[in-house]
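Peer 1: predicted structure and sequence below. I'll ask about it afterward.
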Amino acid sequence: MKRSAIQRCTPLRTKPKAPAAPRERRLPAVPVVAPKPRAVMAAAANAPRPAPKAVTHRGGDWLAAVRSLPNCVLCGAPGVEAAHRNEGKGGATKAHDCWTAGLCRACHQAIDQGKDMTRDERRAMIDRAIVLTLAELVLAGKVAVTR
C-alpha cells in the first residue's frame, strides 16, 4: 500500500502550439432535388389511403357481466376474471372487450404465459373460452337480442 503521491523524475513538457491557419468560410451544401416524373406523382396521388385504425371498444357493463359468472368456463373453478384475447393488441392496448372470457386465475395464467402449450393451442383455448362465456351469459339472461 502506497501512502505518498507518485513523484516524477522529469516534469512533463508541453508542446509548442502551431500558429492557427486562417479558416476558409464555406457555406453549407444545399442538396439538389430532382423533380419527380409525372407518372410517379400521378400514381402517388391516386394511391389508396391507409385504412383508419380500429377503435377499441371498452365497456364496463360487459366486463362486469363476464366477471359475474360464478365459475370458470373451462375448468369450473369458482372465482372469475375477465381474460382478454392476446391477439390484435399492442403497446398499452388490449383487444376489444367483446373478446373476453370468464376464466379462473389458473386458466388465465396458463393461456397468457402458456409454458406447456404452443401459441396455436393457446389461441384455440381462449377462442373456445370466449364462445363458452358468451353461451353462459346468454343462458344467465345477461345478453339479449334487441331491435
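Peer 2: Right, received. Where do you want to start?
Peer 1: for the protein, name the helix or strand with the lowest mean pLDDT.
Peer 2: helix 38-45 (a mean of 56; mean pLDDT, DSSP states H and E).
Peer 1: quick check: what element follows that one along the chain?
Peer 2: As assigned by DSSP states H and E, the chain's next helix or strand after helix 38-45 is helix 60-67.
Peer 1: got the buried residues for that next one?
Peer 2: Across helix 60-67, burial judged by 16 or more other Cβ atoms under 10 Å covers Trp62, Ala65, Val66. Yep, even glycine has a C-beta here, placed from its N, CA and C like the rest.
Peer 1: cool, and stretch 64-79?
Peer 2: By 16+ other Cβ under 10 Å, the buried positions in stretch 64-79 come out as Ala65, Val66, Leu69, Cys72, Val73, Leu74.
Peer 1: what's the first-to-last distance across that stretch?
Peer 2: 13 Å (Cα to Cα, to the nearest Å).
Peer 1: circling back to that earlier point, would you mind giving the buried residues of stretch 64-79 as a markdown table with pLDDT and distance to Gly141 added?
Peer 2: Formatted as a markdown table, the buried residues of stretch 64-79 follow (pLDDT from 0 to 100; distance: Cβ to Cβ, whole Å):
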| residue | pLDDT | distance to Gly141 |
| --- | --- | --- |
| Ala65 | 90 | 10 |
| Val66 | 91 | 14 |
| Leu69 | 93 | 12 |
| Cys72 | 94 | 20 |
| Val73 | 93 | 17 |
| Leu74 | 92 | 22 |
